[in-house]
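> Need a 3D model of the sequence below.
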Amino acid sequence: MQQLAPPYAFYPVPEGNNDPAHSATSELLTLLAPVTGESFAMAASPYAVDQLYLQGAGGWLRPRTQKLVAPARCKLLKISPCRCLWTFALSKSLRLYVQIKAAGELPYAHQQVKVGTLLRAGQTFATLSATVLKQHPMVLMTVQQVKSTTPLAISWQCGPLSAAEDPIIKVYRIPAYQAASDLSTTSSLISK
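Numbering: from 1, shown residues only. The predicted structure follows:
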């Protein structure tokens, strides 16, 4: 499970507590693995910059197959010129970034769809080149909240996962009063 401090607006997912505040937490969205492989927490990334959560909360995968699939129903908003970063709209206020990190020649993947395409969960959006797959690339997957102040929490599933079958990220809506309580606790800890 990923825990982020403000300003990212993602909070820890409440677990195993019968407190009424925790019972008001609701699952907002489940994202499936975009590629078959091994999943790791962001803190385990070999790139220090990933641990800063600049593109939001998430984690990374070590792919075992070439096919990249949409992890949920989403709209493809942007593709980087090097075809190593895809930006998806999951909703009006949530963005998903899927980025390939490798040491090979660009482009890292062959494009299967165009910007503006509405994808269904499990639909292929790109294929990693065989050369890149041999170099043990990383597929970084992050969720970022935009245009909203709704408090959200995220959980990340680590371990072996199958593309379009196994859940990798769950996004939860948490009560505003619980988030405010978490922030005041965090603020008091920071000020000490």
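> Bridged to Lys67, which residues?
For Lys67, the beta-bridge partners are Thr127 (DSSP bridges).
> close enough to count as contact, it and Thr127?
Yes. Using Cβ atoms under 8 Å, Lys67 is in contact with Thr127, at 5.7 Å. Every C-beta, even on glycine, is put in place using the N, C-alpha and C of the backbone.
> In the helix or strand hosting Phe125, which of the residues would be classed as buried?
Element membership of Phe125 [criterion: DSSP states H and E] is strand 124-128. By 16 or more other Cβ atoms under 10 Å, the buried positions in strand 124-128 come out as Thr124, Phe125, Ala126, Leu128.
> Name the nearest of those relative to Tyr172.
For the buried residues of strand 124-128, the residue nearest Tyr172 by Cβ to Cβ is Phe125; the value is 25.6 Å.
> how far away is the closest residue to Cys74 other than its chain neighbours from Glu38?
Excluding the flanking residues, the one nearest Cys74 by Cβ to Cβ, 6 or more residues apart in numbering is Phe88, at 4.1 Å. Distance of Phe88 to Glu38, given as Cβ to Cβ, to the nearest Å: 22 Å.
> So these two - more neighbours on which side?
Phe88 (24 against 13; other Cβ atoms under 10 Å).
> so Ala41 bridges to which residues?
With DSSP bridges as the criterion, Ala41 is bridged to Gly59.
> show me where pLDDT drops low in the chain?
1-24, 47-55, 176-192 (pLDDT under 70).
> what about the residue nearest the centre of the chain, which SS state?
A centroid search over the chain (Cα atoms, centre = their mean) returns Thr142, at 2.9 Å, as the residue closest to the centre. In three-state terms, and counting by DSSP: H, G, I helix; E, B strand; the rest coil, Thr142 is strand.
> and the nearest residue to it once chain neighbours are set aside, what is it in contact with?
Of all residues not flanking Thr142 in the chain, Gly58 sits nearest, at 3.5 Å (Cβ to Cβ, 6+ apart). Contact partners of Gly58, counting by Cβ atoms under 8 Å, 6 or more residues apart in numbering, are Gln2, Met42, Tyr97, Leu140, Met141, Thr142, Val143, Ile154, Trp156, Ile169.
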